[in-house]
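> how would this look folded up:
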Amino acid sequence: MRKILSPLQHRWQRIHIPVWCDVLVVGICVVLFCVITLPALGSNSSYFDEGYSAYLAHLTIPQAVYYTSLDVHPPLYYIALHGWTSVFGDTITVLRSLSVFWGCVSIVFAFLIAGRAFGRRTAWTMLPFFVLSPLFIRYSETARMYTMALALGLAATYILIMLRTSRHVRKRVVLWVLYGVIVAAGMWTNYFTALIWLGHAAWLAYEHYVIQKKLPWEIAPVKGWLGAMILAVILYIPWIPALLLRYGDIQNNGFWIKPFSIDTLASTLTTGTLLLPAHDTTGWLAIGLIVWTVIVVWLIARTYRQLDGTKKPLFRLIMFLSFGPIIFLILLSLPPFRPAYTYRYALAGVCISMMLIGISLALVQFKKRALIKKLTIGVFLIGILMIGVVNVFHQGSRNLDTGAKNMLGEIIKKVNETTSSIEPIIIMSPYAYYAASVYETPSHPVYYLYANAVKGGGVTRGLVDMPDRRSIKNVDSFVKKYTSIWIVSEDKAGTTLALPPAWQKTRSMMLNDPDRGTPTAYALQFRAQ
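Okay, here's the model as predicted:
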């Protein structure tokens, strides 16, 4: 379809803009992203997953590889975190800052993808939507592998787009090899990067089999992709037994993830834009989100109709990567499979959807008052996302799937402020120990009950195999070394510990969930009388 360009747009397209402007735009967006994320890294309590990341990062690389094979994730992120903490330290801020780094890498590749596929000016318009994606910001503030997996997925997508334009045979071979290596690295980081690779495969199949109606043996890109995937599988072979073992265990014994439902799908929209579950998106906020959704659907559809034949295939790629991971994740969560749908596993799809919105806004054409219309639409769409960014600050490290808020870090900080004398902190649950151990100090070391760790198994296997550092096997023998101790827990039942008769409770603290008003962290001090 012929493009409709206003005189202002014609003049805009004729202006030559130096490359350093691209660097400036990306730099400004990276700085904005860091200004949003970095101040929050130390303000919210860590939770079990982050504590487990910290625990594995303290181990040697072979140990980390072995113990994560007992969990549900592969080891490359933990290896990277091990190196990161070896250089910068192991505070909760440092642990989380690695995710900020990978978030910055993701921003760069998002810009490169949009710029190479649709032009530099389109990339400029797209970038604020990507940077201000609430879910992207939320998981850039956690000590987990999700932004690293996103960065690798975007890097592979950029290579795929380069391959569509490169005609040099040797260069294409090098790019396919690099693509295969990145695919393998993604699988070594998070199993759900497979959703991105499936999106690539679906796009290639659609473009060549459906649009061009070619047979498989007639298509060089498909042959190259298959060769790259064979390389990726070869590089991934050492981890395949662990993958199959964990997958079989989950399918046989179940997992904590709730069954997929319509509410889950609705909450994906509300969480991806406002960082709120569907049942909390009410009143004017719900009306605003409905209008936002209608505008986005209309914008994408209008842009697609207006694109010429050279841009449509790449636009379809972004669409496949926006909706494909979410659709695949839904299918993998329906019977006979165990539920696997959680928002962080859909992170790539949500973030690339934000890219799609920004790209559509940049490319859409209007006959009259194009600039005013685009500015009005852009301000409204970004405004809704900004509400989500504010909610990132408000919710902190609240679990997006369960709604629970972990405040162990906050209450241990209060314990650390009580005295400078040595008072050990005892954690009853080995899972809570992982989250709490990040906050231990020389005056308040954190210990766990060895018997409870043995009952846990799985991710607590390391506590069982290496108990010497912080385990308590005999409570009576342990407390004889001190005159005062603290018991800290996420629930009241977790503060119950059989102590010798001479020990009496002398102080208690409790923290409530600031939104729900319910108790969420307890600390009791006991002294020998």
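> Helices of the stretch 301-450 of the chain, start to end?
Applying DSSP state H, counting those that start in this stretch to the stretch 301-450 of the chain gives helices spanning 312-331, 347-363, 370-395, 408-416, 430-437, 450-456.
> now the stretch 151-300 of the chain
Ranges of helices within the stretch 151-300 of the chain are 169-189, 194-205, 220-236, 240-253, 262-274, 283-306, based on DSSP H, counting those that start in this stretch.
> Distance of the closest residue to residue 235 other than its chain neighbours relative to residue 105?
Nearest non-adjacent residue to residue 235, counting by CB to CB, 6 or more residues apart in numbering: residue 184, 3.7 Å away. Quick note: C-beta positions are derived from backbone N, CA and C, even for glycine. From residue 184 across to residue 105, the span is 18 Å (CB to CB, to the nearest Å).
> more crowded one of the two?
residue 184 (23 against 18; other CB atoms under 10 Å).
> Contact partners for the more buried one?
Shown in contact with residue 184 (CB atoms under 8 Å, 6 or more residues apart in numbering): 231-233, 235-236.
> Please convert the residues you listed to a markdown table, extending it with pLDDT, neighbour count and distance to residue 71.
What follows is the contacts of residue 184, written out as a markdown table (pLDDT from 0 to 100; neighbours: other CB atoms under 10 Å; distance: CB to CB, whole Å):
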| residue | pLDDT | neighbour count | distance to residue 71 |
| --- | --- | --- | --- |
| 231 | 97 | 18 | 27 |
| 232 | 97 | 21 | 22 |
| 233 | 96 | 14 | 22 |
| 235 | 97 | 16 | 21 |
| 236 | 96 | 17 | 17 |
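> ok, those residues vs residue 304, which is closest?
Proximity of the contacts of residue 184 to residue 304 (CB to CB) peaks at residue 232, which lies at 31.0 Å.
> And the closest one, how far from residue 109?
Going from residue 232 to residue 109 by CB to CB gives 18 Å.
> for residue 82, same thing?
Per CB to CB, residue 82 is found 24 Å from residue 109.
> Give the burial count for the nearest residue to residue 388 once chain neighbours are set aside, as a bare number.
Distances taken as CB to CB, 6+ apart put residue 134 closest to residue 388, at 3.1 Å, once the chain neighbours are dropped. By other CB under 10 Å, 25 other residues sit near residue 134.
> Pop out the phi and psi values for residue 134.
Per-residue torsions, residue 134: phi -60, psi -40 (degrees, to the nearest 10).
> my guess is it meets residue 384, correct?
No - with contact defined as CB atoms under 8 Å, residue 134 does not reach residue 384; the gap is 9.7 Å.
> what's the overlap in contacts for these two?
Counting by CB under 8 Å, 6+ apart, the contacts common to residue 134 and residue 384 are 273-274.
> Which pLDDT value belongs to the closest residue to residue 446 other than its chain neighbours?
Excluding its sequence neighbours, the residue lying closest to residue 446 (CB to CB, 6+ apart) is residue 440, at 4.1 Å. We have a pLDDT of 90 for residue 440.
> any idea which of the helices of the stretch 301-450 of the chain scores lowest on pLDDT?
Note on those: lowest mean pLDDT is at helix 450-456, with a mean of 82.
> Please name every helix or strand in contact with that helix.
Secondary-structure packing of helix 450-456 (3 or more CB pairs under 8 Å, 6 or more residues apart in numbering; DSSP states H and E): helix 430-437, helix 461-465, strand 471-472.
> Among those, show me which one is buried the most.
Highest mean neighbour count of these: helix 430-437, a mean of 26 (counted as mean count of other CB atoms under 10 Å).
> tell me which strands and helices that one is in contact with?
Judged by 3+ CB pairs under 8 Å, 6+ apart, helix 430-437 is in contact with helix 48-58, helix 408-416, strand 425-427, strand 446-449, helix 450-456, strand 484-489.
> List the contacts of it.
Helix 430-437 is contacted by residues 45-48, 50-52, 54-55, 406, 408-409, 412, 425, 427, 446-449, 452-453, 456, 459-460, 463, 470, 488-490, 494 when judged by CB under 8 Å, 6+ apart.
> Pull the contacting residues for the nearest residue to residue 106 once chain neighbours are set aside.
Leaving aside its sequence neighbours, residue 106 sits nearest to residue 151 (CB to CB, 6+ apart; 4.5 Å). For residue 151, the contact set (CB under 8 Å, 6+ apart) comprises 102-103, 105-106, 109.
> quick one, the helix or strand containing residue 29 and helix 370-395 angle?
According to DSSP states H and E, residue 29 maps onto helix 20-37. Inter-element angle recorded for helix 20-37 and helix 370-395: 30 degrees (by axes from the mean of the first three to the mean of the last three CA atoms, to 10 degrees).
> Now residue 519. Its backbone dihedrals?
Taking degrees, to the nearest 10 as the convention, residue 519 sits at phi -60, psi 140.
> Surely it touches residue 495?
No - taking CB under 8 Å as the definition, residue 519 is not a contact partner of residue 495, at 11.0 Å.
> Looking at the two, which is more packed in?
Between residue 519 and residue 495, counting by other CB under 10 Å, residue 495 is the more crowded of the two (20 against 14).
> Where does the prediction get shaky in the stretch 401-529 of the chain?
Low-confidence segments of the stretch 401-529 of the chain (pLDDT under 70): 456-457.
> Please repeat the previous calculation with a cut-off of 50.
Across the stretch 401-529 of the chain, nothing is flagged by pLDDT under 50.
> Just name the most buried of the helices and strands packed on helix 430-437.
Ranked by mean neighbour count under mean count of other CB under 10 Å, the helices and strands packed on helix 430-437 are led by strand 425-427, which reaches a mean of 26.
> what residues does that strand touch?
By CB under 8 Å, 6+ apart, strand 425-427 touches 412, 415, 433, 436, 440, 444-449, 472, 485-489, 494, 497.
> Need the pLDDT of the residue nearest the centre of the chain.
Centroid-nearest residue in the chain, with CA atoms, centre = their mean: residue 146, separated by 3.3 Å. Listed pLDDT for residue 146 reads 96.
> what do you get for residue 215?
Looking at residue 215, its pLDDT is 59.
> ditto for residue 4
Residue 4 is given a pLDDT of 51.
> pretty sure residue 201 contacts residue 225?
Yes - contact criterion CB under 8 Å: residue 201 and residue 225 qualify, at 7.1 Å.
> burial of residue 274, as a residue count?
Residue 274 sits with 24 neighbouring residues when counted by other CB under 10 Å.
> Filter the contacts of residue 151 down to just the ones in helices.
102-103, 105-106, 109 (DSSP state H).
> now, among these, which is nearest to residue 400?
For those, the nearest to residue 400 is residue 103 (17.1 Å; CB to CB).
> Give me the nearest residue to that closest one, chain neighbours excluded.
Per CB to CB, 6+ apart, closest to residue 103 is residue 140, 3.8 Å.
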